[in-house]
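A.B. asks: Got a predicted model here, sequence first, then my questions.
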Amino acid sequence: MSVESRIVYFDKPGWRCTDEVLAICKRRAAELGIKTAVVPSVTGYTALKALEVLQGMKLVVVTAHTGYARADLQSFPEARRRELVARGVPVLTAPHVFGGLSYAMRDMYGTAMLGVDMGNALRTLGQGMKVVIECPMAAMDAGLLTWGEEVISMGGTNRGVDTAVTLRPVHVRDFFSLRVNEILCKPRFDPDTPPPAGRKSS
Amino acid sequence: MADLISYCPEAGQPSTGAVLHIVAARARELGIRRVLVPSTTGATALAAADALAGLDLVVMTHETGFAKDGEQEFPIETRLALEARGIAVHTVTHAFGGLSRAMRDKFSTHVIGDIVANTLRIFGQGMKVAVEITLMAADCGAVRTDETVIAMGGSDRGLDTAIVCTPVNAQRFFDLRVQEILCKPQMHG
């Protein structure tokens, strides 16, 4: 017997979807009894928004890794990190699961390796879908999530969030065992959406 | 825009009738004319031909030799019967299989096709199949890359997944963007 559920398609990816994504996550978490949400946050804006909307839920915030934009630069402000931690919200800064050595190979030798291929395969469902898969595994490996517990995971495109799913996180080494339970929202990518950056012209 | 997504019973239990019903309804709503269906033995293709009458159905079979060297699992009688109804049945190399499977089978090494396929399987085997047959259909000229289609997928037999997308050729796989997920299996991963 099939079960029908709501899915929301955003006209465009990006930060403008953030408020609606958080509202969708709050509603679905209540319906399913999910108590934990994984939130990616580069500058802290999404993390603070999530803290405001998802009251009563355990949040795990995952930042971009230090040096992502520029050597030694951490874009998540230290004051916001301290504020969140003081309010009981862990803020994880760790290597990107699909980045790391795969990006090193790509950047140095122009060779797409495992992590790049996997990230790009997930991007066929949107940049946010790559992030919703990546962050819970990093949080799992950091010991911030409980094995077997279904969580809500959010992802975005550059800033904010535009995608959300439910899943039971696995460790990175168990990636191929991961299964997405529900897709709550994502951008729709109409045919007239401009092609992603870096697309070959011929 | 809020829509519905259906979660079929656990992967491996085909929900063919329910998937075809969902696809027919969404094709009507979106004005989509062309629908891709994978079919190994012909049973799913015949069910789709009946349920999706009036739509332009494209049937994608297993590649010849998938199960056994030289063997095609899709019965020739079923192929002829479908073609007599104006339904195209295509048999081509699997987009994620091909040389990647050759590497895996001969050298126990997983390369790009296996990695992409296993990554898509985190949404279910049917998602991998729906995406794969879309690339195959584009490469054999059964669909255009400037039209929006619905592609279905399943796990072993029958159907449990359907997506809306604009096809790309396999060599442009990373440009593919799935627009909607109409249904997928429930997961207990």
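C.D. replies: Nice, thanks for sending it over. Quick caveat: nothing in here was measured; it's all calculated off a predicted structure.

A.B. asks: what about the helices in chain A?
C.D. replies: A:18-32, A:45-53, A:78-86, A:100-109, A:114-122, A:127-141 (DSSP state H).

A.B. asks: Just the CA atoms of the fifth one, as CSV, please.
C.D. replies: Included here for helix A:114-122 are C-alpha records, laid out as CSV according to Å, rounded to 0.1, in the frame of the first residue of the first chain:
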residue,chain,number,x,y,z
LEU,A,114,35.3,9.3,-6.2
GLY,A,115,34.0,12.2,-4.0
VAL,A,116,33.6,14.5,-7.0
ASP,A,117,31.7,11.9,-9.0
MET,A,118,29.4,11.1,-6.0
GLY,A,119,28.8,14.7,-5.3
ASN,A,120,28.0,15.4,-9.0
ALA,A,121,25.7,12.4,-9.2
LEU,A,122,23.7,13.7,-6.2
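
A.B. asks: Is chain B within reach of it?
C.D. replies: Yes. Counting by C-beta under 8 Å from any C-beta of the partner chain, contacts between helix A:114-122 and chain B involve A:114, A:117-118, A:120-122. (Glycine included, C-beta is placed from N, CA and C.)

A.B. asks: quick one: which of these is nearest residue A:58?
C.D. replies: Of all the residues of helix A:114-122 next to chain B, residue A:58 sits closest to residue A:122, with 25.0 Å by C-beta to C-beta.

A.B. asks: how many neighbours does that closest one have?
C.D. replies: Using other C-beta atoms under 10 Å in any protein chain shown, residue A:122 is surrounded by 24 other residues.

A.B. asks: Leaving out chain neighbours, which residue sits closest to it?
C.D. replies: Using C-beta to C-beta, 6 or more residues apart in numbering or on different chains and skipping the chain neighbours, the partner closest in space to residue A:122 is residue A:130 (4.1 Å).

A.B. asks: residue ranges with poor pLDDT in the chain?
C.D. replies: Because you didn't say which chain, this covers chain A. Along chain A, the model assigns pLDDT under 70 to residues A:191-202.

A.B. asks: if you could check chain B rather than the one you did, that'd help
C.D. replies: Ranges of chain B meeting pLDDT under 70: B:1, B:11-13, B:188-189.

A.B. asks: if we go to 90?
C.D. replies: Residue ranges of chain B with pLDDT under 90: B:1-2, B:8-14, B:65, B:68-70, B:98-112, B:140-141, B:156, B:170-172, B:186-189.

A.B. asks: any idea where the strands of it begin and end?
C.D. replies: B:2-8, B:34-38, B:56-60, B:88-90, B:149-155, B:157-165, B:178-185 (DSSP state E).

A.B. asks: how about a markdown table for the residues of helix A:114-122 next to chain B, with distance to residue B:21 added?
C.D. replies: Shown next, in a markdown table, are the residues of helix A:114-122 next to chain B (distance: C-beta to C-beta, whole Å):
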| residue | distance to residue B:21 |
| --- | --- |
| A:114 | 39 |
| A:117 | 35 |
| A:118 | 33 |
| A:120 | 33 |
| A:121 | 29 |
| A:122 | 29 |
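
A.B. asks: Can I get the helices of chain A in a markdown table including distance to residue B:37?
C.D. replies: Converted to a markdown table, the helices of chain A look like this (distance: least, C-beta to C-beta, whole Å):
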| stretch | distance to residue B:37 |
| --- | --- |
| helix A:18-32 | 31 |
| helix A:45-53 | 40 |
| helix A:78-86 | 49 |
| helix A:100-109 | 35 |
| helix A:114-122 | 23 |
| helix A:127-141 | 24 |
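
A.B. asks: Let me know which of the ones you listed is tucked in deepest.
C.D. replies: Highest mean neighbour count among these (mean count of other C-beta atoms under 10 Å in any protein chain shown): helix A:127-141, with a mean of 25.

A.B. asks: Return the distance of that helix from the chain's centre.
C.D. replies: Mean-position distance between helix A:127-141 and its chain equals 5 Å (C-alpha atoms, centre = their mean, to the nearest Å).

A.B. asks: Spatially, what comes nearest to residue B:170 if we skip its sequence neighbours?
C.D. replies: Spatial nearest neighbour of residue B:170, chain neighbours left out: residue B:135 (4.3 Å); criterion: C-beta to C-beta, 6+ apart.

A.B. asks: which ones are touching that neighbour?
C.D. replies: Listed by C-beta atoms under 8 Å, 6 or more residues apart in numbering or on different chains, the contact set of residue B:135 reads B:95, B:167-170, B:173, B:176.

A.B. asks: For chain A, see how far away it is.
C.D. replies: Using C-beta to the nearest C-beta, to the nearest Å, residue B:135 is found at 10 Å from chain A.
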